[in-house]
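In: Test case, fold it:
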Amino acid sequence: MRFQQSWSDLPLAEIKLESQQNLEQILVAAMAAGMHHIETARFYGSSELQLGQLLAKHHDPQRILQTKIAPNSDAKIFESQLERSFNLLQVQRVDLLTLHGINLAEHLDQCLRPGGCLDVVQRWQKDGCIGHVGFSTHGPLELIEMAIASGDFAYVNIHWYYIRQDNSPALNAARDQDMGIFLISPTDKGGHLHSPSKRLKQLCKPLHPIVFNDLFCLSDPRVHTISVGAAKVEDLDLHLKAVKMLPNAKELLPPISASLQQALEDSLGEAWLKSWQQGLPRWQETPGKINLPVLLWLNNLLQAWDLVSYGKARYGLLGQGDHWFPGNNADVFEAPLASAGSVSELELKAALAESPWRDEIPAILRKLKANLGGTALQRLGN
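Out: Take a look at the predicted model:
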C-alpha cells in the first residue's frame, strides 16, 4: 500500500512513468531476493492497477498473490468489487483472498450469513479462481476471536508487533485452529520505524528498530508472515538483513527488549505499568467517546520512546477513521464550551471511578492534547 501512486482509483493514462518504474524496480528486486508474496487491496487506490501492468511481464512461478475486499451488506456489490480486482490485476486466480476490515460484528455477519460475502468467495473457490480465504481486522479482541472460532477462515491479517502485543490471545486462537498468521504493517503501524525517533534508535542498538521489530515478530513461532510495505527498493534492505539474522534472534533480542522495558519503567514507573489499564471504561461508555485505552497507550510510547510522529498520526486518526480507529482523541476534553461534545474533568473522573489513576489521567490528557492534538487525519491503508 506504500508503493502506489495514488490512494484514489486512477485511469491507466494518469499513471506516471516514474511511479510505474519505481514499482517495477521493487518487484524485480523482491523476486531476486526470494520474496514471492505480494499483497494489495481493492481500496489501496491505484495499487491493483499498477501491479496488473507488471505481473505477467515478471512471471514468477512461486508467486503468492493476495488481495483484499471489504465485506458489504449487499453480496452483489461485494462480488462486483471482486470482479474489479481481478480485472485490474489481470489475473484469473488469486492465491489468497482477504475479507478486508472485519472491525465490527456487522462486518462478520455480512461475511458469514447465508447468501453473504463468504458464499460468494466459496463459489469462486470452487471455480478455481481463489485459493485460501482469510480476514483482516482492526477490531476488538473479542470480535477477532469470534471470527477465528467460526472455522471459516484459513488465515488472519492482524496487528501484533513489539509496541502492541494485546492481540496475543488471538494469535493463540489462530494457532490452535491451524490458521496462517500474517502481521499487518509492523514497520509503519509498529512505530513509524521507517523514520524512528532518535531515542528509539539508541535503545535498539546495535540493531535498527526495523531489524529488531522484524526479529521480534518472525521469531515468534505463531507468526508466519509480516508485510514489508516497501515504497522504494531501498526499503527492502533492512528486512532482508533481519531475515539473515533470524537464526541469532534468541541472542540478539533479550538485551534490546530489556533496554526498552527499562526505558518504560524509568519514564512511567512500575506502578503505572502494572495498573494503567485497570478500570478504564470502553470508549463507547466514556464521556465524549474518548478512547482512553488508546490515548494512554500513546502516552506510554511518547514518554518512554519519544514516538512523536507515530503518536501524532494515531492521535489524529481517532474520531476520523470510522470503525478503523474508533472513539475520539482528547481534543474534546475541556474543549471550549461552544464545542460539541466538550467533556469536563468532573465528567471524566466520574467515568474513571474504578481506575487507580483517576486523579492523574486528566493531566495526561491535557498533555497529549497539547503535544499531539490539532490535526485531524484521514485513514489510509490498513
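
In: Point out the other helices and strands that whichever strand or helix holds Leu264 packs with.
Out: In the assignment (DSSP states H and E), Leu264 maps to helix 249-268. Using 3 or more Cβ pairs under 8 Å, 6 or more residues apart in numbering; DSSP states H and E, the elements in contact with helix 249-268 are helix 198-204, helix 209-218, helix 292-305. Quick note: C-beta positions are derived from backbone N, CA and C, even for glycine.

In: roughly how far out does it sit from the chain middle?
Out: Centre-to-centre, helix 249-268 and its host chain are 23 Å apart (Cα atoms, centre = their mean, to the nearest Å).

In: Would you mind checking the average pLDDT for that helix?
Out: In this model, helix 249-268 has a mean pLDDT of 98.

In: Counting by contacts, list what the helix or strand following that helix packs against.
Out: Downstream of helix 249-268, the first helix or strand assigned by DSSP H and E is helix 270-275. For helix 270-275, there is no helix or strand it packs on, judged by 3+ Cβ pairs under 8 Å, 6+ apart.

In: Which residues belonging to helix 270-275 are considered buried?
Out: Buried positions in helix 270-275, judged by neighbour count with 16 or more other Cβ atoms under 10 Å: Trp272.

In: rewinding a little: so which of the helices and strands packed on helix 249-268 gets nearest Ala173?
Out: helix 209-218 (17.8 Å; Cβ to Cβ).

In: Check which helices and strands that closest one sits against.
Out: helix 198-204, strand 225-226, helix 237-245, helix 249-268.

In: taking the mean pLDDT, what do you get for that helix?
Out: So the average pLDDT for helix 209-218 ends up being 98.

In: Residues contacting it, please?
Out: 160-162, 183, 186-187, 190-191, 193-194, 196, 200-201, 204, 207, 223, 226, 238-239, 241-243, 245-246, 249, 252-253, 256-257 (Cβ atoms under 8 Å, 6 or more residues apart in numbering).

In: Give me the buried subset of the residues you listed.
Out: Here the buried ones among those, as counted with 16+ other Cβ under 10 Å, turn out to be 160-162, 183, 186-187, 190-191, 193-194, 196, 200, 204, 207, 223, 226, 238-239, 242, 245, 249, 252-253, 256.

In: and Gly134, that one's in a strand?
Out: Yes: membership of Gly134 in a strand is supported by DSSP: H, G, I helix; E, B strand; the rest coil.
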